[in-house]
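>>> My questions are about this predicted structure, shown below with the sequence.
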2 protein chains.
Amino acid sequence: MTHYRLTPLADSLPSTVPFVGPETQERARSRLFDARLGANESVFGPSPMAASAMAETQMWKYGDPENYELREALSDHYGILPEMVMIGEGIDGLLGYIARLMVAPGDAVVTSQGAYPTFNYHVAGYGGVIHTVPYADDFEDPKALFAKAAEVDAKLVYMANPDNPMGTAHKGAEIVKAMETLPDSTLLVLDEAYIECAPEGTALPLPMDDPRVIRLRTFSKAYGLAGARVGYAMAVPDLIASFDKVRNHFGMNRAAQAGALAALEDQTWLRSVQARVAASRNRIATIAIKSGLRPLKSATNFVTIDCKQTHTFAKKVLDEMIQRGVFIRMPMVAPQNRCIRISCGAPADLDILAEVLPSALRAAEKG
Amino acid sequence: MTHYRLTPLADSLPSTVPFVGPETQERARSRLFDARLGANESVFGPSPMAASAMAETQMWKYGDPENYELREALSDHYGILPEMVMIGEGIDGLLGYIARLMVAPGDAVVTSQGAYPTFNYHVAGYGGVIHTVPYADDFEDPKALFAKAAEVDAKLVYMANPDNPMGTAHKGAEIVKAMETLPDSTLLVLDEAYIECAPEGTALPLPMDDPRVIRLRTFSKAYGLAGARVGYAMAVPDLIASFDKVRNHFGMNRAAQAGALAALEDQTWLRSVQARVAASRNRIATIAIKSGLRPLKSATNFVTIDCKQTHTFAKKVLDEMIQRGVFIRMPMVAPQNRCIRISCGAPADLDILAEVLPSALRAAEKG
C-alpha cells in the first residue's frame, strides 16, 4: 500500500540529475582529483573579506528573508532600485522560480541545443515544452532563438552571454539589435553568470528595467562563492515582486548573505581574480595548442577546446583526463560535443593539466 | 508592453511572506532588538565543531549535490538506509518539494487551524485546497486531522509533533494509534523539527520506512544552525528518490553541509543545549507565572504563554514587548492567538524578559 500520490506531472518526471558532481566521481574512483577544473568554480577563491564575514556570522539566526542589505548593496552597485533586484539560491534556484512562475504544462520555451541543462531541467519539471535552435559556429544565435520564439509563441527564451559550455560571447549591442525581433510576449532570460570574466561591452547595454529581459548574475563564478549559493535576478519591479509569490522566503543561508555582501564590496579582489582568470585562460590555450588542439576564444572562467575529431574521441580524452586525476567536463550535444571544457586553475593546477593532457590524448588516440 | 506572462496559478497568488523577519522589524524601529526570542532559534548556538567545520569549508567549490556524507551520517545515526534520507534547504524547502510532488490544483490537504503557515504557503502555491480542523485544548488533534483527511480525500495531512506555535506534544504512540484511521491514500507529513527538545517517547515509534508517513527534521533548532538551512526528510526509498525529480540539486550551501555533519557528530553539545533549553523553559514559565499568566507545558525550545484574555490583549502585549526591544511572536489563529510565544534564551536574554514583561503587561492593560 502506498500512501503517497504524486501529481501526474511529477509522476512523469525522471529522478534525474542535471550534473554529476565531482565528489560522486571521486567516490567512484576512491581517489580525490588532483585538479578540479570541471565545474567552472573559481579556484582563486572568494575575497578574504568574504571569508571573514562568513566565519563571523551568527549561524543560530535565520537569514533575513528580505536579503535587505545585499539587495541595497546591489542596487547601489548598479545604480538601480532595490525593487529591481531579487536574491536567490544561485542562478539555478532563480531559474527554478522563473520556470514555476511562467511555465505551465504545454507552454513553449526556447533555448539553444546543448545550452545550460539546468534551465531545461526546471522547464521540464513544470511541464514546459522545450524548443531548440542550433549554435552557429559555437556561438548562441540570438536571431535564430528569437525567430523560433516567434514561431512557437514561447513564453521564455533562454540565452547565456557569455555562453556556457562554449565560452563564447556576443557583444551586448548585438543582442540588443537582435532583440528588435524578440516577440512582444516572450521574456528573454539572459544568464550573465560569467559577465565579470567577459570583455567590456559584453553586458547587455540596456536599463535593468527593460521589460523585455530578466538578467541573472551570480557570486559563484568570478566572486568565488559557488559553495554559498547566491545568485540574483534584475528586471522590472513587478516581475521581481512576483518571486515573492513562490520563493522559499527563508531559503538563504545567513553566512552566504554576509559573504556575498563582503565580496561585492571588495572590487579590488574581483579585479585580481579577473587578471588571474585571463592569465589562466591564456595558459590553458597555450597548453591546448601545444597538443595540436584548438582552444575557443573564451569570455568566461573556462576554455572550451575543440579536439578536432568526433564526439567519441573527445569523450575518450575526457575519460582519460578523469582517470589521470583531472576533473573536467564537456559539452553534451553535437556538434559542440567534439570539445572538452577546462575551467581556469591556479598555476599548480595548470602544471598538472600540461602534464596530463598530452598523455590523455595519446591514450585516446590509441583506444 | 509586458513581455512576461505568469501562469494563471502564479497570477492568482499574492506576493506574500509567511513570516516577517526580525531584521525587517529592526529596520522599521531603527533599533536592534535587545533580546531575539521570536523565531525559535537556538541562542545557545551550534557546536563549536560545527562552527569550525563551516569556517574551514572551501567556499569556491559547489556543495556535493548528493549530500553524500551527511546522508551517510544520518543513516548511521538512525540505523536506516541512506536511500531513506533526503537533505534539503531547511524543512521549509522540503515542504515546498513535497507540495510540488503531490499537490496539483484542486488537490485536498489537511492541517490544523493556525498550524505552521509555511506549509499552507507552499500548498497554496501549487493550487492545493487547504482543509483545517481546530486544535483541541491547544494540542493538534490527530484523530480529527485523519477523519478530515478521509472526508476530503486528502493527499497530505500535516502535523507537527511537537507542535509549533503551541509547544505541546503528543506521545508518539498516541499518534501511531490514531494512524489506524489514516486513509490508505493519504500521506502523513510529520514535522518533528523540535524533536530534540521533546521528552522521550515523543518521536513516532515506527520504522522510518513506514509507508504512511514522511518525517521532517532539522539542524535549525536544537542543533543551532537556523542560518545554515539544513533540514532532512525520512521516508520509504521510492518516495525519497522522487525528490530528485524536482529539487535544486546544487541548492545546498557547502559550509552548511559540513556544519550539519559536524553538529550531528557532537552529541555532547546537543545534550548541553537540551539541558539549557530545559532550564530556559522553566525560567520563562516562572517569569510568566509571576506576571499572572499561564505558560503551556512545552516540548520545544519555546514557551507559549496564555495571556488569559482576548487576542486583542495578547497582540497588545506582543506589541509592547517589541517596542521594549524584545522580539517575540504569537499564534495567528483563534483561539490560540490569545497567547504569546517566547523562544528560549540565554540567562541575559531572560533577565531582559523578566524586566520587560511586567511593564509590557501593564501597558497592554492600560491601552
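Everything's here; your move.

>>> Can you list the buried residues in the helix or strand hosting residue A:151?
Using DSSP states H and E, residue A:151 sits within helix A:142-152. For helix A:142-152, the neighbour count (16 or more other CB atoms under 10 Å in any protein chain shown) marks A:142-150, A:152 as buried. No exception for glycine: its C-beta is placed from N, CA and C like everyone else's.

>>> Could you check how far residue A:361 is from chain B?
Distance of residue A:361 to chain B, computed by CB to the nearest CB, to the nearest Å: 27 Å.

>>> Using the three-state scheme, assign that residue.
helix (DSSP: H, G, I helix; E, B strand; the rest coil).

>>> Can you get me a residue count around it?
19 (other CB atoms under 10 Å in any protein chain shown).

>>> How many residues are close by the nearest residue to it once chain neighbours are set aside?
With CB to CB, 6 or more residues apart in numbering or on different chains as the criterion, residue A:361 has its nearest non-adjacent residue at 5.5 Å, and that residue is residue A:291. If you count neighbours by other CB under 10 Å, residue A:291 ends up with 17.

>>> and of the buried residues of helix A:142-152, the nearest to residue B:250?
Taking CB to CB as the measure, residue B:250 lies nearest residue A:145 of the buried residues of helix A:142-152, at 25.0 Å.

>>> quick one, phi/psi of the residue nearest to residue A:361?
phi -90, psi 10 (degrees, to the nearest 10).

>>> circling back: show me what the helix holding residue A:151 is packed up against.
strand A:108-112, strand A:129-133, strand A:156-160, helix A:172-178 (3 or more CB pairs under 8 Å, 6 or more residues apart in numbering or on different chains; DSSP states H and E).

>>> Adding distance to chain B, mean pLDDT and mean neighbour count as columns, could you present those in TSV?
Listed next are the helices and strands packed on helix A:142-152 as TSV, based on distance: least, CB to the nearest CB, whole Å; pLDDT from 0 to 100; neighbours: other CB atoms under 10 Å in any protein chain shown:
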stretch	distance to chain B	mean pLDDT	mean neighbour count
strand A:108-112	11	98	25
strand A:129-133	14	98	18
strand A:156-160	8	98	26
helix A:172-178	14	98	18
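
>>> And the contacts of the helix or strand in which residue A:355 is found?
Using DSSP H and E, residue A:355 maps to helix A:347-366. Residues from elsewhere that reach helix A:347-366 (CB atoms under 8 Å, 6 or more residues apart in numbering or on different chains): A:34-37, A:43, A:280, A:283-284, A:287-288, A:290-293, A:313, A:316-317, A:319-321, A:323-326, A:342, A:345.

>>> Which of those residues fall within strands?
In strands, defined here by DSSP state E, the members of the contacts of helix A:347-366 are A:35-36, A:326, A:342.

>>> Name the nearest of the residues you listed relative to chain B.
residue A:36 (7.1 Å; CB to the nearest CB).

>>> Out of the helices and strands packed on helix A:142-152, the one nearest residue A:51 is which?
Comparing these under CB to CB, the one sitting nearest is strand A:156-160, at 28.1 Å.

>>> helices and strands around the closest one, which ones?
helix A:90-102, strand A:108-112, helix A:142-152, strand A:187-191.

>>> rerun at 7 Å
On a contact count with 3 or more CB pairs under 7 Å, 6 or more residues apart in numbering or on different chains; DSSP states H and E, strand A:156-160 meets strand A:108-112, helix A:142-152, strand A:187-191.

>>> what's around the closest residue to chain B within the stretch 251-367 of chain A, how many residues?
Nearest to chain B in the stretch 251-367 of chain A, going by CB to the nearest CB, is residue A:254, at a distance of 3.1 Å. Residue A:254 has 24 neighbours, counted by other CB under 10 Å.

>>> On the three-state scheme, the closest residue to it other than its chain neighbours is what?
Spatial nearest neighbour of residue A:254, chain neighbours left out: residue B:227 (3.1 Å); criterion: CB to CB, 6+ apart. With three-state DSSP as the basis, residue B:227 sits in helix.

>>> Please name the residues that touch residue B:227.
A:57, A:59-63, A:253-255 (CB atoms under 7 Å, 6 or more residues apart in numbering or on different chains).

>>> which residues touch stretch A:115-129?
Residues from elsewhere that reach stretch A:115-129 (CB under 7 Å, 6+ apart): A:9, A:13, A:18, A:92, A:95-96, A:99-100, A:103-109, A:111, A:130, A:140, A:158, A:160, A:164, A:191, A:332, B:246.

>>> first to last residue in that stretch, what's the distance?
Stretch A:115-129 has an end-to-end distance of 15 Å (CA to CA, to the nearest Å).

>>> And the helices in the stretch 1-150 of chain A?
Ranges of helices within the stretch 1-150 of chain A are A:8-12, A:22-29, A:48-55, A:68-78, A:90-102, A:117-125, A:142-152, based on DSSP state H, counting those that start in this stretch.

>>> nope, the stretch 201-350 of chain A is what I was after
Using DSSP H, counting those that start in this stretch, helices in the stretch 201-350 of chain A cover A:237-242, A:254-265, A:267-290, A:311-323, A:347-366.

>>> Comparing those, which comes out most buried?
Among those, helix A:254-265 has the highest mean neighbour count (mean count of other CB atoms under 10 Å in any protein chain shown), at a mean of 25.

>>> can I see the domain layout of chain A?
Domain ranges of chain A: A:17-45+A:268-366, A:48-265, per automatic domain parsing.

>>> does stretch A:194-202 come close to chain B?
No. Against chain B, stretch A:194-202 shows no contacts by CB under 7 Å from any CB of the partner chain, the least distance being 14.2 Å.

>>> And that stretch, end to end?
With CA to CA as the measure, stretch A:194-202 spans 10 Å from end to end.

>>> Check whether stretch A:230-239 comes near chain B.
Yes. Using CB under 7 Å from any CB, stretch A:230-239 reaches chain B at residue A:239.

>>> And that stretch, how far out from the chain middle?
A distance of 17 Å separates the centroid of the chain from that of stretch A:230-239, by CA atoms, centre = their mean, to the nearest Å.
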